[in-house]
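K.L.:
With the input below, show me the fold.
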Amino acid sequence: MRFSQEFKLETLAFIAFFATLPLYSPNLVLFSEYGAADALMPPFVNTMMVVAALAGAVSAWFAFRRNAALFATPQLVISSSVLYVGGFALFVAGLGVEGFGNEGVMIAAGAAVACGMVPLCIAWGTYLALFDLRQALFYLAIMVGAASFIALMLSSVAIEPGLVAFGLLALIGVALPCVKAVGGKLDRGGADLPSRDGDRELGYLVGGSSAASADGKTDAREMLANVRRMASVAVLPFAGLLVFAFVMGVRKFMVFDAFYVETLGGIVAAIVVLPLSLLKIDRPLMSFVYQVFLPVCAIVLVVLNAFPYGTVAQWLAATLSYVFYGIIGILALSSLCAMAHAREFSSPFIYGLTVACFMAASFLGISFGSVSAFAENAGPILLVISTMYFGFVVLAPLLSSWRREGASEREVRREGGGEAQSELSRRIEAVAVRFELSPRETETLSYLGRGHGIVFIAKTLVISESTVRTHVKSIYRKLDVSSREELLELIDKG
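P.N.:
Below you'll find the predicted structure:
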């Protein structure tokens, strides 16, 4: 894995975008005591969440039914940037200019920010699709950690320099997607990638369009099938992301009455995830993360949460829970980038759906937090919700799957050493070239030729098992074989 080969310094502009992104509530702490924030913040935040949830759902539906390439056009990206920055400017003016701010202004500002934010999230997600899973973990950990640190700094400075810094960050954050869109290089970050014409039969290629069926019910079923496939790839981190959004909406938890624990969680989580991205193991990285690392973390939190409410151990559990959610958030973003990188699903579909679900969960949390009966018992209730998710993390992994993947890898290692594997790689590449396999089919063949099964390949490439089976069928058809034995025999011949 060569991190430096794919990394571009311009990618660090994502730090500026993430530091102003209102999806992450600590980014709005700067404005909490500015002007008439107590009265005018709620209509802005509520409007932004509702509109963003709707816009995300509409974007995912449009990308699925029509043309995902629309979201990489200069017209949409630039207009979204204007709405995003202009909405924040209207928001700040409404808070700070006496006699100007009212509920209508805040609603308009919230709607503008939301309508600009969703296409920008999609644009950034499309650009960051140049990273594979390990690269996404490494760089997103750095960028999310840095953005969380910036949010911490902004919450502790005076409002005037804070507003200037926030404005500059917002402009930097929208600049790169605009430049890439104008240059026609937004898709995959402008990376020089081989053609994937052989994969077009899947119908999920970024920039391609799904065949819109005349039957709306059929479209709905197909879209739900896509959602289920996405869930099969990243259900644990995605579910954790939604729980985190709900918990943040219900209640804010401060450390030493100085800063919000979500910010600290993002910084510590980044420090924890960085070594994971560099971990060298024979099995798929996410299998280790989901089946070993996260369950161990969850068990520790469950034990700490078992202590009486109000004790030091329980306070520590509450603090570490946000670190855990920060880890889950980085894992979720990395999984989304890896899915976009694999091109099983279009970036607008992935990120539109993610924004819609995240905002819906946040709005639901705020709504519950405003109910007095719920708010009075928010601490214990959130403790129960978090513990339920921790239990879900512990129970979800299947030990048999872990053993099966380990046995598969040990079998491959027994078959030959480094020189034998190098020769096998050469023969697989020769077969792929001779039968004109697509890049994704070639990648799948490389695992099939080493004896790996469907589950291992799906988890390694961060795609669904059904898509792996589709690639396998296509490989069998092109190579004119009908069994694994015939496939291996063909590879042996080179």
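K.L.:
how close does F435 sit to I491?
P.N.:
Distance of F435 to I491, computed by C-beta to C-beta, to the nearest Å: 11 Å. Any C-beta I mention is one placed from the backbone N, CA and C, and that applies to glycine too.
K.L.:
who's more crowded, the two?
P.N.:
The neighbour comparison of F435 against I491 (other C-beta atoms under 10 Å) goes to I491, with 21 against 16.
K.L.:
And the strands in the stretch 201-350 of the chain, which stretches?
P.N.:
254-255, 259-260 (DSSP state E, counting those that start in this stretch).
K.L.:
okay, and for the stretch 1-150 of the chain, where does confidence drop off?
P.N.:
Within the stretch 1-150 of the chain, the segments meeting pLDDT under 70 span 1-8.
K.L.:
rerun at 80
P.N.:
Counting by pLDDT under 80, the ranges of the stretch 1-150 of the chain that qualify are 1-11, 25-26, 66-67.
K.L.:
any chance you could map the strands in it?
P.N.:
Under DSSP E, counting those that start in this stretch, the stretch 1-150 of the chain gives no strands.
K.L.:
if I pick S347, what's in contact with it?
P.N.:
Applying C-beta atoms under 8 Å, 6 or more residues apart in numbering, we find S347 in contact with A68, F71, I122, G125, T126, A129, V206, A340.
K.L.:
typo on my end, G125
P.N.:
L336, C337, A340, S347, I350, Y351.
K.L.:
Now do F358: how many residues are near it, please.
P.N.:
With neighbours defined by other C-beta under 10 Å, the count for F358 comes to 25.
K.L.:
got it, and V273?
P.N.:
Counted with other C-beta under 10 Å, residues neighbouring V273 total 24.
K.L.:
From L137, how far off is it?
P.N.:
6 Å.
K.L.:
Find residues that contact each of the two.
P.N.:
What both V273 and L137 touch, as defined by C-beta under 8 Å, 6+ apart, is the set I330, L331.
K.L.:
thinking again about what came up before, any chance of JSON lines for the contacts of S347, columns distance to E222?
P.N.:
Output for the contacts of S347, formatted as JSON lines (distance: C-beta to C-beta, whole Å):
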{"residue": "A68", "distance to E222": "15"}
{"residue": "F71", "distance to E222": "20"}
{"residue": "I122", "distance to E222": "20"}
{"residue": "G125", "distance to E222": "22"}
{"residue": "T126", "distance to E222": "22"}
{"residue": "A129", "distance to E222": "22"}
{"residue": "V206", "distance to E222": "18"}
{"residue": "A340", "distance to E222": "19"}
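K.L.:
What about those, which are in helices?
P.N.:
Residues of the contacts of S347 located in helices (DSSP state H): I122, G125, T126, A340.
K.L.:
so the third one makes contact with A340?
P.N.:
Yes: counting by C-beta atoms under 8 Å, T126 does reach A340; the two are 6.8 Å apart.
K.L.:
Ranked by average pLDDT, which of the strands of the stretch 201-350 of the chain falls at the bottom?
P.N.:
Among the strands of the stretch 201-350 of the chain, strand 254-255 carries the lowest mean pLDDT, a mean of 57.
K.L.:
So which residue is smack in the middle of this protein?
P.N.:
L333 (2.2 Å; C-alpha atoms, centre = their mean).
K.L.:
List the contacts of the residue nearest to that residue when sequence neighbours are not counted.
P.N.:
Once flanking residues are discounted, L333 sits nearest to L140: 5.3 Å by C-beta to C-beta, 6 or more residues apart in numbering. The contact partners of L140, by C-beta under 8 Å, 6+ apart, come to L128, F131, I330, L333, S334, C337.
K.L.:
just S425 next, same as before
P.N.:
Contacts of S425 by C-beta under 8 Å, 6+ apart are S446.
K.L.:
what about it, which helix or strand?
P.N.:
Here S425 sits within helix 418-434, counting by DSSP states H and E.
K.L.:
List the buried residues of that helix.
P.N.:
For helix 418-434, a neighbour-count test (16 or more other C-beta atoms under 10 Å) marks L424, I428, E429, V431, A432 as buried.
K.L.:
Longest helix in the protein, by number of residues?
P.N.:
From DSSP H, the single longest helix across the chain is helix 216-250.
K.L.:
Sort out which residues of that helix are buried, please.
P.N.:
Quick answer for helix 216-250 (16+ other C-beta under 10 Å): 219, 222-223, 226-227, 229-230, 233-234, 236-250.
K.L.:
Reformat the buried residues of helix 418-434 as a markdown table; add pLDDT.
P.N.:
Formatted as a markdown table, these follow (pLDDT from 0 to 100):
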| residue | pLDDT |
| --- | --- |
| L424 | 81 |
| I428 | 89 |
| E429 | 89 |
| V431 | 90 |
| A432 | 90 |
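K.L.:
Redo those residues as JSON lines? Include distance to P22.
P.N.:
Listed next are those as JSON lines, based on distance: C-beta to C-beta, whole Å:
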{"residue": "L424", "distance to P22": "50"}
{"residue": "I428", "distance to P22": "47"}
{"residue": "E429", "distance to P22": "47"}
{"residue": "V431", "distance to P22": "51"}
{"residue": "A432", "distance to P22": "46"}
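K.L.:
which one of the residues you listed sits closest to M106?
P.N.:
The closest of the buried residues of helix 418-434 to M106 turns out to be A432 (C-beta to C-beta; 57.2 Å).
K.L.:
so the closest one makes contact with T444?
P.N.:
No: with contacts counted by C-beta under 8 Å, A432 stays clear of T444, the gap being 9.8 Å.
K.L.:
Poorly predicted segments of the stretch 301-450 of the chain, please.
P.N.:
Using pLDDT under 80, the stretch 301-450 of the chain drops low at 305, 308-311, 314-315, 318, 344, 369-384, 386-387, 392, 394-422.
K.L.:
Please repeat the previous calculation with a cut-off of 90.
P.N.:
For the stretch 301-450 of the chain, the stretches flagged by pLDDT under 90 are 301-326, 328-329, 331-333, 335-347, 365-430, 433-434, 439-440, 443, 446-450.
K.L.:
And for the stretch 151-300 of the chain?
P.N.:
If you take pLDDT under 90 as the line, the stretch 151-300 of the chain has these spans: 151-160, 180, 183-266, 276-300.
K.L.:
can you give me the helices in it?
P.N.:
159-182, 216-250, 261-277, 285-288, 294-305 (DSSP state H, counting those that start in this stretch).
K.L.:
Now distance to G94 too, for the ones you listed, in CSV please.
P.N.:
Formatted as CSV, these follow (distance: least, C-beta to C-beta, whole Å):
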stretch, distance to G94
helix 159-182, 13
helix 216-250, 22
helix 261-277, 25
helix 285-288, 44
helix 294-305, 40
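K.L.:
Show me the one of these that comes nearest F100.
P.N.:
helix 159-182 (15.6 Å).
K.L.:
Quick one: list the elements packing against the closest one.
P.N.:
Applying 3 or more C-beta pairs under 8 Å, 6 or more residues apart in numbering; DSSP states H and E, we find helix 159-182 packed against helix 13-20, helix 74-96, helix 103-127, helix 133-154.
K.L.:
so how far is it from its chain's centroid?
P.N.:
22 Å (C-alpha atoms, centre = their mean, to the nearest Å).
K.L.:
Which segments of the protein make up each domain?
P.N.:
By the assignment in automatic domain parsing, the chain contains the domains 8-189+214-397, 400-493.
K.L.:
most packed of those domains?
P.N.:
The highest mean neighbour count among those, using mean count of other C-beta atoms under 10 Å, belongs to domain 8-189+214-397: a mean of 19.
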